[in-house]
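# Compute the structure for the input listed below.
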Amino acid sequence: MHIAEKGEGPVVLLLHGFPELWYSWRHQILALSAAGYRAIAPDLRGFGDTDAPPDVSSYTMLHVVGDLVALIHTLGQEKEPGRAEAEFARIPTAMVMKKFLTYHDPSPVMVPKENGFAASPDKEITLPSWLSEEDINYFASKFDRNWELTAPWTGTLIKVPVKFIVGNQDLMYNVPGVKDYIHKGGFKKDVPFLEDVVVIEGAGHFINQEKPQEITDHIYEFIQKF
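Numbering: from 1, shown residues only. From the prediction side, this is the model:
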């Protein structure tokens with residue numbers, strides 16, 4: 001497992017999602033380490049410079065959680081073939097990354113029937129101020145497929161303190177029913193120790209990169225309690 005780490009003190013484990021890497025937390029690593037924490041951000045199984053087992057059965061959530069448990073112990077602290085992959089394979093990885101990382105439309109993703117994700121591949125994508133071509137190229141150079149099976153957690157309550165932060169332009173936040181679930185009791189029922197829900201105005205899904213200082217401040221405020 002490849003990890004990026006900086007600082008001394010209590011460990012803060014920063015975990016990326018799809019289609020990201022440790023690099024997504026680059027801003028928080030610097031800020032949290034300067035604030036007296038040991039910030040650690042791994043490339044999860046199958047991503048970046050972490051090993052990628054060839055068998056798709058090695059990418060269940062149980063495997064990923066096992067990796068993280070082993071990582072925590074080491075620190076001294078107590079492939080999915082299908083239509084989507086075929087579509088992604090038709091256009092350069094950097095273009096896929098640009099589309100995901102700059103997506104800012106709260107309406108559902110629409111994939112053109114004829115050419116799928118490859119429709120208008122040469123259309124210019126203007127990068128926002130928080131994302132550079134160098135950032136895109138790093139993601140593109142390290143990206144690999146991953147597959148996670150979440151079924152074992154169906155119905156399981158999350159019984160740890162939680163602070164939930166989301167951008168108001170995040171695609172998933174705007175899926176019908178999600179806002180009601182988050183704000184009208186459903187989320188609190190499944191996550192009984194939910195302490196706070198923060199909605200960042202004008203932000204999309206990749207808020208730790210898009211609003212680095214604001215997100216770092218929220219993380220720091222939360223972890224100081226422990």
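
# And the strands in the protein, which stretches?
3-6, 11-13, 38-42, 162-167, 194-200 (DSSP state E).

# Comparing these, which comes out most buried?
Most buried of the strands of the chain, by mean neighbour count (mean count of other Cβ atoms under 10 Å): strand 38-42, with a mean of 23. All C-beta atoms are positioned from the backbone trio N, CA, C, and that covers glycine.

# Which of the strands of the chain sits closest to Ile182?
With distances scored as Cβ to Cβ, the stretch of those nearest to Ile182 is strand 194-200 (6.2 Å).

# is it possible to export the strands of the chain to JSON lines including distance to Trp25 and mean pLDDT?
Formatted as JSON lines, the strands of the chain follow (distance: least, Cβ to Cβ, whole Å; pLDDT from 0 to 100):
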{"stretch": "strand 3-6", "distance to Trp25": "8", "mean pLDDT": "95"}
{"stretch": "strand 11-13", "distance to Trp25": "10", "mean pLDDT": "94"}
{"stretch": "strand 38-42", "distance to Trp25": "4", "mean pLDDT": "96"}
{"stretch": "strand 162-167", "distance to Trp25": "14", "mean pLDDT": "96"}
{"stretch": "strand 194-200", "distance to Trp25": "17", "mean pLDDT": "96"}
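
# buried set for the lengthiest helix in the chain?
Of all segments of type helix in the chain, defined using DSSP state H, the longest is helix 61-74. Judged by neighbour count using 16 or more other Cβ atoms under 10 Å, the buried positions of helix 61-74 are 63-64, 67-68, 71.

# Can you tell me which of these is closest to Asp180?
The closest of the buried residues of helix 61-74, once distances to Asp180 are taken by Cβ to Cβ, is Val64, at 29.2 Å.

# I'm done for today, thanks for sticking with me.
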